[in-house]
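all I have is the shape, not the residue letters:
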């Protein structure tokens, strides 16, 4: 659970940033009265540094003693550490059962560090890739989350002093509100709470009962200050069934996240789940879970410099950047891709107009895009300010005002001649300026530049095709299959963009899952979702309900059918037999059915195993269903384990 909760916490969005020392200094310099500043401190969340050196700096900046006293008082009464109300005896007894089910107090208290590794396969018609996710936690307050794929490498480090994000070798700031959400998440982790069951800062109360499946669970309400969670516990065994808590949402309002667990195993005497479901969808399948592993030296250290300065970075960071420069979408190396020189890159982008995009694998924080930062110029070169570009700029056109080579550890190895123009496969920055004067910078390699910006002419051409496609779709009948994706009519634009950019792999947006297969659905509305470069369709089902679907288009035709996306068909595929059509409509399969028809009927498998002689074993439902096909792609047998 900790793996998924921390990942969710790092992506959580918050409406109100806690006050910092810098905010107080800014208010003082703006001439606000002490009484006004003190009132702001009392009525806001705070994240003050009240170390002796910080207090000296505040004094030098003109902050009065009264304001510093208020800051010290707020720091000592941090909402996240406020003393909770007393726990009820029944709740304490239930927590004792939970701790026993987790392995017992002795085993729980012995946990000092954990390292969890999971492999997440994203397999959809629009995206087929694998992410390796490794979470290292050092109790009570340090975490390193590393996400690797053939296309990207990202590390997020949280610790009380020195939190940061490293994206493809480039250091980025970790927004303070996201840091606070991460700390809250750590304090509400299963093991952490079990270790603090006798801590007066935590309170436990019984909140009635709730039936989950066949189990009548007891609701355990847990709180520490302003942080709350609800645990559903099997009262007989003490097994934790579900955890529910509110986290920051995309619109600044809390969103309720529900986690359920399966495949519990014993690791170093502690029972931990190897499968975690988020809002009823399998979100994490753990590959390895280590308790008290040896922590590599420097795991929480910020690289010396991989953000574009002229000083050399650490060997480890250098190797990561070099590894990233060799990655290509098909998982091979750049030897299979003709890399350009820096002069070619400059010629392509200088003095042109581009449409700004967000990378499909981007992890958005606080409504901003992590690839783009606000930029400032100094001595002829641009640098990021540490503040992300607002999400509203995605899909807008901007003028490229500069293209600059970034001086990093791989530049020398890629330099083929005396000039920086002779750098092969350069790590470079695009600097753009919008009509409102906003200047932004993004750093990338040539092969991934298309994910952050496209030429304005191409964007205009695609826009015309998309609008034509929307007009052509109105009133048409379309047909869905098992791996089509549908959403409720109140879908928000930001959520729709997230769905498309994730390759329809997002699990944070609720889907409509009972849309009939290969039955006519009518397109009643069609619009262009510019930030995602997709069509937004309203479809009327045979029973009269409306659902939303997004179709990602490439601008090559007016219909947008035939492209991957939500896999809507303009007609029932002619290659299907009458028996296959009937099976797809009922979500079933039979011996002799083609593999393609099987996918349309019950969806894509979790994985495919080579079964010999050209045949495959298709694994569904976490191994509970196995379907076998021959060399011709026809079903020969199946097994079901319930």
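Everything's here; your move. Values in this document were obtained by computation on a predicted structure and should not be read as measured data. Numbering: from 1, shown residues only.

give me the distance from the helix or strand encompassing residue 26 to the chain's centre.
Taking DSSP states H and E as the criterion, the element that holds residue 26 is helix 21-29. Centroid separation between helix 21-29 and its chain, computed with Cα atoms, centre = their mean, to the nearest Å, is 33 Å.

the chain should start at 36 in everything you say after this.
Let's use 36 as the start, then, which means that last one is helix 56-64.

show me what counts as buried in that helix.
56, 58, 59, 60, 62, 63 (16 or more other Cβ atoms under 10 Å). For every residue, glycine as well, the C-beta is placed using N, CA and C.

try stretch 410-420
Of the residues in stretch 410-420, those scored as buried under the neighbour-count criterion (16+ other Cβ under 10 Å) are 410, 417, 418, 419.

how about the nearest residue to the third one once chain neighbours are set aside, secondary structure?
Spelled out, that is residue 418. Nearest non-adjacent residue to residue 418, counting by Cβ to Cβ, 6 or more residues apart in numbering: residue 411, 6.3 Å away. Here residue 411 is strand, with the state taken from DSSP: H, G, I helix; E, B strand; the rest coil.

list the contacts of residue 411.
Counting by Cβ atoms under 8 Å, 6 or more residues apart in numbering, residue 411 makes contact with 417, 418, 420, 474.

got CSV for the buried residues of helix 56-64, with distance to residue 485 and pLDDT too?
As requested, those are arranged in CSV below (distance: Cβ to Cβ, whole Å; pLDDT from 0 to 100):
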residue, distance to residue 485, pLDDT
56, 41, 87
58, 38, 83
59, 43, 87
60, 42, 88
62, 43, 82
63, 46, 85
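
thought residue 129 was touching residue 273?
Yes - under the criterion of Cβ atoms under 8 Å, residue 129 makes contact with residue 273 at 7.4 Å.

so those two - more neighbours on which side?
The neighbour count for residue 129 versus residue 273, taken as other Cβ atoms under 10 Å, is higher for residue 129 (20 against 17).

report the mean confidence score over the helix or strand harbouring the more buried one.
For residue 129, the host element (DSSP H and E) is helix 124-136. Averaged across helix 124-136, pLDDT comes to 91.

so which elements touch that helix?
Where contact means 3 or more Cβ pairs under 8 Å, 6 or more residues apart in numbering; DSSP states H and E, helix 124-136 is packed against helix 225-230, strand 238-247, strand 250-259, strand 262-268.

pull the distance from that helix to the chain's centre.
What separates the centre of helix 124-136 from the centre of its chain is 34 Å, taken as Cα atoms, centre = their mean.

going by neighbour count, list what's buried in that helix.
For helix 124-136, the neighbour count (16+ other Cβ under 10 Å) marks 126, 129, 130, 132, 133, 134, 136 as buried.

check the secondary structure at residue 560 for me.
Going by three-state DSSP, the state assigned to residue 560 is strand.

list the strands paired with the host helix or strand of residue 644, with their directions.
Using DSSP H and E, the secondary-structure element containing residue 644 is strand 642-647. According to DSSP bridges, strand 642-647 has the following sheet partners: strand 650-655 (antiparallel).

what distance separates the strand it pairs with from the centre of its chain?
With Cα atoms, centre = their mean as the basis, the distance from the averaged C-alpha position of strand 650-655 to the chain average is 29 Å.

what's the average pLDDT for it?
When pLDDT is averaged over strand 650-655, the result is 87.

from residue 143, how far off is residue 543?
As judged by Cβ to Cβ, to the nearest Å, residue 543 and residue 143 stand 30 Å apart.

my bad, should have said residue 474
Here the criterion is Cβ to Cβ. By it, residue 474 lies 52 Å from residue 143.

what's the burial count for the residue lying closest to residue 243 once chain neighbours are set aside?
The shortest distance from residue 243 to any residue other than its chain neighbours is 5.2 Å, reached at residue 254 (Cβ to Cβ, 6+ apart). Neighbouring residues of residue 254 were enumerated by other Cβ under 10 Å; the total is 17.

picking up where we left off before, can you redo the buried residues of stretch 410-420 as a markdown table with distance to residue 607?
What follows is those, written out as a markdown table (distance: Cβ to Cβ, whole Å):
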| residue | distance to residue 607 |
| --- | --- |
| 410 | 52 |
| 417 | 54 |
| 418 | 56 |
| 419 | 51 |
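
nearest to residue 149 among those?
Taking Cβ to Cβ as the measure, residue 149 lies nearest residue 419 of these, at 33.3 Å.

remind me which helix or strand the closest residue in space to the closest one that isn't next to it in sequence belongs to.
Of all residues beyond its chain neighbours, the one nearest residue 419 is residue 408 (3.4 Å), with distances taken as Cβ to Cβ, 6+ apart. Here residue 408 sits within strand 403-413, counting by DSSP H and E.

after that strand, which helix or strand is next?
Using DSSP H and E, the helix or strand that follows strand 403-413 in sequence is strand 416-425.

and stretch 63-81, end to end?
16 Å (Cα to Cα, to the nearest Å).

same thing with stretch 222-237?
From the first residue to the last, stretch 222-237 extends over 10 Å; the measure is Cα to Cα.

do stretch 535-545 as well
Across stretch 535-545, the straight-line distance between its terminal residues is 14 Å, by Cα to Cα.
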